[in-house]
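In: Pasting the sequence and the predicted model now:
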Amino acid sequence: MAQNESLSMQVELAISCDSLPSFDLLSKSDPMVILYVRDNSTKKWTEVGRTEQIKNDSNPKFSKQIPLRYYFEEVQQLKFTVIDIDKGSADNVKSSDLIGKLKCNLAEIVGSTQFSKALYNKKKSSTHHNGTIQVKATEIAKALEGWEVRLIAKGRSLDKKDLFGKSDPYLIFERPDGSGGYTMILKTEVIKNTLDPMWNTITAPIARLAPSSVDSEIRISCYDWDAHGSHDFIGWTFTSVAQLRASKRLVVPLINPKKKEKKGDKYKDSGSLELDYSEFKSPTFLEYIMSGMEISLSIAIDYTGSNGNPDVPSSLHYQKTDQLNEYAKAIRSVGDVVAPYDRSGNFAAYGFGGSFQPAGTSHCFNLNLTNSPYLPGIDGVLMAYRESFKRVSLSGPTYFNQVLTEVNRVAASSPKGSKYHILLIITDGVINDQEATIKTLRLTANLPISVIIVGVGSANFDSMDQLDDDDGKLGLPRDCVQFVPFRDFINQPLEVLAKKTLVEVPPQLVKWAKMNNIYPRV
């Protein structure tokens, strides 16, 4: 699995309330909000912050925000408790009156542009109005975290190096390596037969150019490309991020030391380099979600015969107990995390490798065997999965390509930038159409899709690992596949499986959006 250095984001929650009921005889309430987070392993609620108390206000807007760490791959359950401080210090919560509570997931707040919910109070009647609470999440960025530079480089009047043409120039950017040498950090494309090139715009993290200080030296060398590999040196210049920042548009001479030494005072330069410099903040996953991009979950279930007779306890599809089987656990763990990000609340669910009348064996069929694959919520998906065995028989072989093709079609038909799709494939064995699947994945990588494959049972999943293109061997435009064997998490809470399966989705979403020049709406 590719390592991601930033799997979480720091957010601050701004809270306000409307139409709070009055608990005081001669005045309005004196409200305060306390926030609790539920520990997924111990199931206990822990206070993580509270607002200030605002006196005599039924529509308070609290100035004190509550910081919280946000993890996309986890279900983070929150409980907001709104109380009326009657007597003494605001620390004395026990003597206060409960106005109302709200339980939700942090994902619901992050994924909503206007999160507003009614408060509940079980001590009051169901018709009693307890007011509403509004919560707004804002990402807290580190000083330069996520900042990138944009460079437009142009050459002017470069030295002519080719006998029968001009030059084929390109640039190399380097920084000192601390031991007297230089490390290459950027390289432009070659532009053929010109002395006045304009290279493609360069974007890179500031930290790549200036890892320790904006005053760090950057050496930019210009070469004339040669088909035989003996590239001719044209000249170099030295600058820094600080100098580029100060000038915005820097024009500097390119110097060839050997020519300068040879020609002496007659030597001026070997051309000049013009650098247009700007900085911008690279968009984050959270910014895309907050600006309205939805995440849509599709689920594909393996109905091949290798799963075993569903009526036999040894089958991976056996369901005649109160315990979820591995298929259902995978659906539940991923679905509960992704559900808050899909405003429709409906999920597409498919089967593959199953047989039913009159179609026979199908490698992509709607789980509910109707004309629409969409089901209401994760509970609806699990219900359709349980009911499917009344009409679907296990068959085979194991083909992924048709399911992938269908999800590709759905993703391609969505308005660009409106939705990002996650396809969860749950399977028990060896894939039988790997070549066709890889070919389709090359199309998938250009679409707003992440593919998560969960392997259940004890089969050899080497072919699945090959689809997880962390090493780039498949030649995909971007890594969009994550494989996870369920057996590694069989004795752990479902939240741990969810974290493992979904951890690569945020960087995959951001990379796809940037590839397609899609940026969060301000």
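Out: Nice, thanks for sending it over.
In: Roughly how far does E217 sit from P169?
Out: 22 Å (C-beta to C-beta, to the nearest Å). The C-beta positions use only the backbone N, C-alpha and C, and glycine is treated the same way.
In: More neighbours: these two, which one.
Out: More neighbours surround P169 than the other of E217 and P169, with 28 against 14 (other C-beta atoms under 10 Å).
In: What separation is there between that one and S362?
Out: From P169 to S362 the distance is 57 Å (C-beta to C-beta).
In: just V503 next, same as before
Out: Applying C-beta to C-beta, one obtains 32 Å for the distance of V503 from S362.
In: Likewise for T203?
Out: 45 Å.
In: Check N325 too.
Out: According to C-beta to C-beta, N325 and S362 sit 22 Å apart.
In: which residues in the stretch 351-500 of the chain form helices?
Out: Using DSSP state H, counting those that start in this stretch, the helices of the stretch 351-500 of the chain run over 377-388, 401-413, 434-444, 462-467, 494-502.
In: List the buried residues for the worst-scoring helix or strand of the chain on mean pLDDT?
Out: For the chain, scoring each helix and strand by mean pLDDT, DSSP states H and E identifies helix 462-467 as the least confident one, at a mean of 77. Burial within helix 462-467, assessed by neighbour count using 16 or more other C-beta atoms under 10 Å, is assigned to S463, M464, Q466, L467.
In: Then stretch 482-491?
Out: Buried residues in stretch 482-491, defined by neighbour count with 16+ other C-beta under 10 Å: Q482, F483, V484, P485, F486, F489.
In: then that stretch to CSV, C-alphas only?
Out: Output for stretch 482-491, consisting of C-alpha atoms alone and laid out as CSV, is shown next (Å, rounded to 0.1, in the frame of the first residue of the first chain):
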residue,chain,number,x,y,z
GLN,A,482,-6.6,-0.7,-3.1
PHE,A,483,-6.6,-4.4,-2.2
VAL,A,484,-7.2,-5.6,1.4
PRO,A,485,-7.4,-9.2,2.5
PHE,A,486,-10.2,-9.5,5.1
ARG,A,487,-8.4,-12.3,7.0
ASP,A,488,-5.9,-9.7,8.3
PHE,A,489,-8.7,-8.0,10.2
ILE,A,490,-10.9,-11.0,11.1
ASN,A,491,-10.5,-10.5,14.9
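In: Spit out the contact partners of D168.
Out: Contact criterion C-beta atoms under 8 Å, 6 or more residues apart in numbering gives D162, V190, I191, K192, N193, D224, W225, D226 as the residues in contact with D168.
In: roughly how far apart are it and M198?
Out: Applying C-beta to C-beta to D168 and M198 gives a distance of 14 Å.
In: returning to that earlier point: who's more crowded, T203 and S362?
Out: Ranked by neighbour count (other C-beta under 10 Å), T203 and S362 place S362 first, with 20 against 13.
In: Kindly state the beta-bridge partners for the more buried one.
Out: Here S362 shows beta-bridge partners G354, assigned using DSSP bridges.
In: and if you look at I295?
Out: Bridge pairing for I295 (DSSP bridges) gives the partners Y420.
In: before we move on, back to that, rebuild the contacts of D168 as JSON lines, extending it with secondary structure.
Out: As requested, the contacts of D168 are exported to JSON lines (DSSP: H, G, I helix; E, B strand; the rest coil):
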{"residue": "D162", "secondary structure": "coil"}
{"residue": "V190", "secondary structure": "coil"}
{"residue": "I191", "secondary structure": "coil"}
{"residue": "K192", "secondary structure": "coil"}
{"residue": "N193", "secondary structure": "coil"}
{"residue": "D224", "secondary structure": "strand"}
{"residue": "W225", "secondary structure": "coil"}
{"residue": "D226", "secondary structure": "coil"}
